[in-house]
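1. missing the sequence, but the structure's below:
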């Protein structure tokens, strides 16, 4: 279930899925934004204010197979939230990128933002927080 929509996220805050606690992206967000971890975010990785959600696809997710695709489709079908997909595009995951791009942009009509690593992903989330008023 997509439960993040029920959350009212105050400006300057990010609600992070518990699974990202201790990750590089979470560590880099702390101190830049108010990061609060929640266990019940469902399909969403990070929830920003103004009904915007981040779905983060790591290099490991891409290489591991199609589970992330099912998660994106379930999110799109079940949610009225604005979903932004951030994908780690590395030398290892590059071969999978065009398939992800086709699914996210053409089939699901969502925004896709490629990053080189979790550090870049955190910088992007920080920028999005300041724009999602």
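-> It's in. Since the model is a prediction, treat every value here as computed from it, not as a measurement.
2. Which residues belonging to the lengthiest helix in the chain are considered buried?
-> Ranked by number of residues, the top helix in the chain under DSSP state H is helix 118-131. Across helix 118-131, burial judged by 16 or more other Cβ atoms under 10 Å covers 118, 120-122, 124-125, 128-129. (Glycine included, C-beta is placed from N, CA and C.)
3. Would you mind giving these as TSV with distance to residue 70 added?
-> Formatted as TSV, these follow (distance: Cβ to Cβ, whole Å):
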residue	distance to residue 70
118	22
120	25
121	21
122	25
124	24
125	23
128	24
129	28
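4. and which of the residues you listed is nearest residue 39?
-> residue 125 (19.5 Å; Cβ to Cβ).
5. Give me the phi and psi angles of the residue nearest to residue 112 when sequence neighbours are not counted.
-> Spatial nearest neighbour of residue 112, chain neighbours left out: residue 104 (4.4 Å); criterion: Cβ to Cβ, 6 or more residues apart in numbering. Dihedral pair for residue 104: phi -70, psi -50, per degrees, to the nearest 10.
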